[in-house]
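Enquirer: Give me a 3D structure for the following:
(chains A, B, C and D)
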Protein chains: 2
Amino acid sequence: MRIGELSERTGTPRRLLRYYEEQGLIAAERLPNGYREYDELYAARVLQIRGLLDAGLPTRIIKELLPCLDHPRSGQLAEATPEMIAALELHRDRMTARINCLTRNRDAVAQYLEAVRDTSGGGSS
Amino acid sequence: MRIGELSERTGTPRRLLRYYEEQGLIAAERLPNGYREYDELYAARVLQIRGLLDAGLPTRIIKELLPCLDHPRSGQLAEATPEMIAALELHRDRMTARINCLTRNRDAVAQYLEAVRDTSGGGSS
DNA sequence: TGCAACAGTGACATCGATGTGAGGGTCCCG
DNA sequence: CGGGACCCTCACATCGATGTCACTGTTGCA
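Expert: Okay, the predicted model is just below:
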């Protein structure tokens, strides 16, 4: 598919798709006329990128993560230098910290909402 | 305590403490000489703010969340307009989405690391 | 008295993610 | 052939979080 369709299917401005490519997060074939041509699977990939960006990870780090999110069991995990592994462990731990922080605060918000619900008129939904 | 101590205790540049104040996330008393004076509990508050910022929430939203994270059970939850409640529910759901996204990807990274560990020499740590 | 350490404000710079527009090709359909 | 919809690149603007610097006032101690 071309950039317009990918944009529509992922709800992502074309501008950003080109930006992600510039940052090395995605890669597109080129048609003879210079148009980008995307494989089907890029729709999911773009959504994943957007989710990670939205979760606060910068493109630089997402770029490091993507290769190892790609082939979850595809065998090709030989080219992992000790530095890369250390970096990934660091990212993993930082993500865990983020998750914990978000969870704590999300639960606090939820608790607050429940308290409000109980106090004021008993809403259903 | 004054800004220097709070800065040191939270690992946050003074510049940012003033910025958070400017954004309405924290408030400081003023000593007669104009210096900011912080209550003890602001150390925890600042760390909470940093965690949320790090998790990708903008100050604008953190400002909305803080009041209801403050008094988890302090009773004062009367002043909750339906709009505020709706906004909080939205934030709660968006945080949940973030948590899920982060968890999914963190687990993928962890799985990858385990696979690498199993494949190459069996490390301990 | 003078200096060092700390505080204040204000302004400008940076960096990453994103918006927007100019100027110019390509494709298709009438 | 002409126009509309799509694509390209390039560049500049914006916005939020943060860094940095300049200038000034305050405190405390030698």
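Enquirer: Can you tell me the SS state at the residue of chain A at minimum distance from chain B?
Expert: In chain A, no residue comes nearer to chain B than A:G56, which is 2.9 Å away by Cβ to the nearest Cβ. Bear in mind the C-beta positions are built from the backbone N, C-alpha and C, glycine included. In the three-state summary, A:G56 is assigned as coil, counting by DSSP: H, G, I helix; E, B strand; the rest coil.
Enquirer: Could you count how many residues lie near the nearest residue to it once chain neighbours are set aside?
Expert: The spatial neighbour of A:G56 that comes closest, neighbours along the chain excluded (Cβ to Cβ, 6 or more residues apart in numbering or on different chains), is B:G56 at 2.9 Å. Residues within reach of B:G56, counting by other Cβ atoms under 10 Å in any protein chain shown, total 19.
Enquirer: Do I have it right that B:G56 meets A:L52?
Expert: No. Proximity of B:G56 to A:L52 does not meet the contact threshold set by Cβ atoms under 8 Å, at 9.6 Å.
Enquirer: give me phi/psi at the residue nearest to A:G56?
Expert: Main-chain torsions, B:G56, degrees, to the nearest 10: phi 100, psi 0.
Enquirer: May I have the predicted confidence score for the residue lying closest to A:M95 once chain neighbours are set aside?
Expert: What sits nearest to A:M95 in space, not counting adjacent residues and going by Cβ to Cβ, 6+ apart, is B:R106, at 4.1 Å. Per-residue confidence (pLDDT) for B:R106: 94.
Enquirer: and B:R106, that's in a strand?
Expert: No. Under the criterion used here (three-state DSSP), B:R106 is helix, not part of a strand.
Enquirer: Now do the contacts for it.
Expert: By Cβ atoms under 8 Å, 6 or more residues apart in numbering or on different chains, the residues touching B:R106 are A:R92, A:M95, A:T96, A:I99.
Enquirer: And the residue of chain A found nearest DNA strand D, which helix or strand is it part of?
Expert: In chain A, the residue found nearest to DNA strand D is A:G4; the distance is 2.7 Å by Cβ to the nearest atom of the strand. When elements are defined using DSSP states H and E, A:G4 is found to belong to helix A:3-10.
Enquirer: Can you name the element that comes right after that helix?
Expert: Reading on from helix A:3-10 to the C-terminus, the next helix or strand found by DSSP H and E is helix A:14-22.
Enquirer: got a list of contacts for the next helix or strand after that following helix?
Expert: Next along the chain after helix A:14-22, taking DSSP H and E as the criterion, comes strand A:29-30. Outside of strand A:29-30, the residues within contact range by Cβ under 8 Å, 6+ apart are A:R36, A:E37, A:Y38, A:D39.
Enquirer: Top of those residues by number of neighbours, please.
Expert: Neighbours here mean other Cβ under 10 Å. Within the contacts of strand A:29-30, the largest count is held by A:Y38, at 22 neighbours.
Enquirer: Got phi/psi on that residue?
Expert: Main-chain dihedrals, A:Y38, degrees, to the nearest 10: phi -110, psi 140.
Enquirer: wait, isn't it in contact with A:M1?
Expert: Yes. A:Y38 lies in contact with A:M1 (Cβ under 8 Å); the separation is 5.3 Å.
Enquirer: okay, now the nearest residue to A:R18 once chain neighbours are set aside: neighbour count?
Expert: Sequence neighbours aside, A:I3 is the residue nearest to A:R18 in space, at 7.6 Å (criterion: Cβ to Cβ, 6+ apart). Here the count is done by other Cβ under 10 Å, and A:I3 has 18 residues near it.
Enquirer: same question, the one 10 residues further on
Expert: The burial metric for A:P13, expressed as a neighbour count using other Cβ under 10 Å, is 10.
Enquirer: Which residue comes closest to it once chain neighbours are left out?
Expert: Distances taken as Cβ to Cβ, 6+ apart put A:S7 closest to A:P13, at 6.4 Å, once the chain neighbours are dropped.
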